[in-house]
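Asks: Okay, predicted coordinates and the sequence, questions at the end:
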Amino acid sequence: MSTNKADKFKSLMRSPSGNQENKEEIILPTEIAKSPAHELVQISGKKKATFELDAELHRWLKVHALTINKDMVQILEEVLRKYRTETERK
Amino acid sequence: MGIVISFGIQKGGVGKTTACAITAHLLSKEARVLAIDFDSQGNLTEFLTRRDIYDFTKQTILEAIQEKNPTPYIVRITDNLDLIPAEDILSTFSRWLYRDYKGDATQALRKTIDMVKDRYDYILIDLPPNLGDQTINGLTASDFAVVILQSEPFCYSALERYLETLTVVQQRTNERLALAGILIAMSDGRAGIDNSIVDKAKDEYGPMVFDSIIKRRSRIKEFVLEGIQDSTKFDQGVLESYIGFVEELKQRVNQ
Ligand SMILES: Nc1ncnc2c1ncn2[C@@H]1O[C@H](COP(=O)(O)OP(=O)(O)OP(=O)(O)O)[C@@H](O)[C@H]1O
Ligand SMILES: [Mg+2]
């Protein structure tokens, strides 16, 4: 039973001898470069987001971030995580 | 030397934690097992200890990694089963990695596990439902990955992407990583959809798919409150598909 997908990921299976066979040849570098997972390893869990924030909130956040010596995005992430936890508990 | 096996897929609520907990329980009947909760939801911690995750505040895998010493954070569940817990605070892992950690950001968990590897036969890692730093660290620390495929269409597309992630990890951060296999977990009801996805997975992925298929049994949910029970015939029946899976898993990782 040898199919496309089984072939594509063959390098992930350990052969009975304990070695992994031909792993470089299974997935083409171009395929990896395209894969979202590659992007993930590269950017390590960060994703660029662009959106317009209420100007007053933005000003406040900027000053507040300075006073507590954090990045604006750190504060946003914290608040969002808290919000997510609350939302998921409901 | 302990064999490190992670349970993952970026799709949520498909039974990763349940499979990880029951596997830890079953393996610990005849081997020394360490279970590591690497999801900030702390579900594995709750399942195995049946305590509030906030009982473990400042006593978690995050502190173990930060202090480069897991030993003080190991919680004994039974004679043969230990746990390193998690709670919400693990969600700060990425920030800590990039702001404060001095080494390779993919290797932090692996270095921590290496320190206790020789005390166990199996080390199981429960991964969160995303492809972020925790999953990359978890896979980088693993010898084998178990991928859970719930028999639903969205899970099927997640599967291929997860396998691509495994390939990237294998090529860049952990060449020892191998796929133990794809474990199919049934979603209830609509047997038609379920079966067609099972057939498709078996057809496309062939021997990568475990023969055992996890069945849905409502009793499993009670185990979260009562602990995993296997003294009655009924409960042994409930666990039957997990028992079959663990037998296959043992064979595959000890080859
Ligand atoms: N075999 C099963 N039979 C019945 N219910 C199950 C079974 N496996 C898991 N469940 C239930 O499904 C729900 C999700 O399971 P679980 O927490 O193990 O999934 P998960 O993939 O770890 O979720 P997450 O992605 O949030 O970490 C839980 O309520 C659990 O009790
Ligand atoms: Mg889980």
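Replies: All right, it came through fine. Numbers count the residues shown, from 1 in each chain, chains lettered A, B, ... in the order given. Ligands and ions are numbered 1, 2, ... in the order given.
Asks: Spatially nearest residue to residue 13 (excluding sequence neighbours)?
Replies: No chain specified, so I'll use chain A. With sequence-adjacent residues excluded and distances taken as Cβ to Cβ, 6 or more residues apart in numbering or on different chains, residue A:13 is closest to residue B:179, at 5.8 Å. Bear in mind the C-beta positions are built from the backbone N, C-alpha and C, glycine included.
Asks: try again with chain B
Replies: Leaving aside its chain neighbours, residue B:13 sits nearest to residue B:129 (7.3 Å; criterion: Cβ to Cβ, 6+ apart).
Asks: tell me the SS of that neighbour?
Replies: coil (DSSP: H, G, I helix; E, B strand; the rest coil).
Asks: Low-confidence stretches in the stretch 151-255 of chain B?
Replies: B:189-193 (pLDDT under 70).
Asks: Can you report how many residues neighbour the residue nearest to residue B:13?
Replies: Residues lying near residue B:129 (other Cβ atoms under 10 Å in any protein chain shown) number 17.
Asks: got the contact list for the residue of chain B found nearest ligand 2?
Replies: Going by Cβ to the ion, ligand 2 is nearest to residue B:17 of chain B, at 3.2 Å. The contact partners of residue B:17, by Cβ atoms under 8 Å, 6 or more residues apart in numbering or on different chains, come to B:7, B:39, B:43, B:44, B:47, B:126.
Asks: How about it: what's its closest non-neighbour residue?
Replies: Among residues not flanking residue B:17 along the chain, residue B:43 sits closest, at 4.4 Å (Cβ to Cβ, 6+ apart).
Asks: so how far is residue B:9 from the residue nearest to residue A:13?
Replies: 12 Å (Cβ to Cβ, to the nearest Å).
Asks: out of these two, which sits in the busier spot?
Replies: Set side by side, residue B:179 and residue B:9 show more neighbours around residue B:9, with 28 against 23, by other Cβ under 10 Å.
Asks: Go ahead and confirm residue B:32 touches residue B:80.
Replies: Yes. Residue B:32 lies in contact with residue B:80 (Cβ atoms under 8 Å); the separation is 5.5 Å.
Asks: quick one on the thing from earlier: now the residue nearest to residue B:17: how far from ligand 1?
Replies: Distance of residue B:43 to ligand 1, computed by Cβ to the nearest ligand atom, to the nearest Å: 5 Å.
Asks: which residues in chain B form strands?
Replies: Ranges of strands in chain B, per DSSP state E, are B:3-8, B:33-37, B:75-78, B:81-84, B:122-126, B:144-150, B:178-185, B:209-214.
Asks: Next, the contact list for residue 9, please.
Replies: With no chain named, the answer covers chain A. Counting by Cβ under 8 Å, 6+ apart, residue A:9 makes contact with A:26, B:163, B:166, B:167, B:179, B:205, B:208.
Asks: Let me rephrase: I mean chain B.
Replies: If a contact means Cβ under 8 Å, 6+ apart, then residue B:9 has B:16, B:129, B:147, B:148, B:149, B:155, B:158, B:159, B:162 as its contacts.
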